[in-house]
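S.K.: Please work out how this folds:
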Amino acid sequence: MIKVVSGESKSPFIAKDGSEIRELFKSERMSLAEAVVYNETKLHFHKTSEEIYYILEGKGVMEFEGEKKDVSEGDIVVIHPEEKHRISTTKKVRFLCFCSPSYSDEDTVLG
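M.R.: Prediction:
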């Protein structure tokens, strides 16, 4: 069975880390969202979810466990469970965020 979902029909919300999220697809095992960050997300980690970011637009700095790396359009970022991270930008960065298992605020730990 093929499922086609219109991303434009999804309303954005502010996630626990402060990013603007438009959840494009969600099942029990995985989720895909478009995220926009205008300044920076809060430092956080996920107890069980692994994340993959695909940068669509803009430039930013990814921080992993205190180490910083520049990211820009076309870059892929892999974030493992329990790895503290945040992304910051001076303008705006927009990216796809794939999570497995699915993103949830309950799985997100600030600090």
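S.K.: what's the pLDDT at the spatially most central residue of the chain?
M.R.: By Cα atoms, centre = their mean, the chain has its centre lying nearest to C97, at 4.3 Å. On the pLDDT scale, C97 is placed at 97.
S.K.: Just list whatever residues bridge to E34.
M.R.: Assessed by DSSP bridges, E34 has beta-bridge partners R22, L96.
S.K.: got the contact list for it?
M.R.: Residues near E34 by Cβ atoms under 8 Å, 6 or more residues apart in numbering: G7, I21, R22, L24, L56, R94, F95, L96, C97. C-beta here means a position set from N, CA and C on the backbone, and glycine is covered the same way.
S.K.: give me that answer again for 7 Å
M.R.: Shown in contact with E34 (Cβ atoms under 7 Å, 6 or more residues apart in numbering): G7, R22, L24, R94, L96.
S.K.: follow-up on the earlier one: wait, the residue nearest to the centre of the chain sits on I55?
M.R.: No - between C97 and I55 there is no contact under Cβ atoms under 7 Å: 10.4 Å.
S.K.: Return every residue with contacts to both of these two.
M.R.: Common neighbours of C97 and I55 are not found (criterion: Cβ under 7 Å, 6+ apart).
S.K.: re the thing from before, residues in contact with the residue nearest to the centre of the chain?
M.R.: A33, A35, E51, Y53.
S.K.: Against E23, how distant is it?
M.R.: For C97, the distance to E23 (Cβ to Cβ, to the nearest Å) stands at 9 Å.
S.K.: Okay then, goodbye and thanks.
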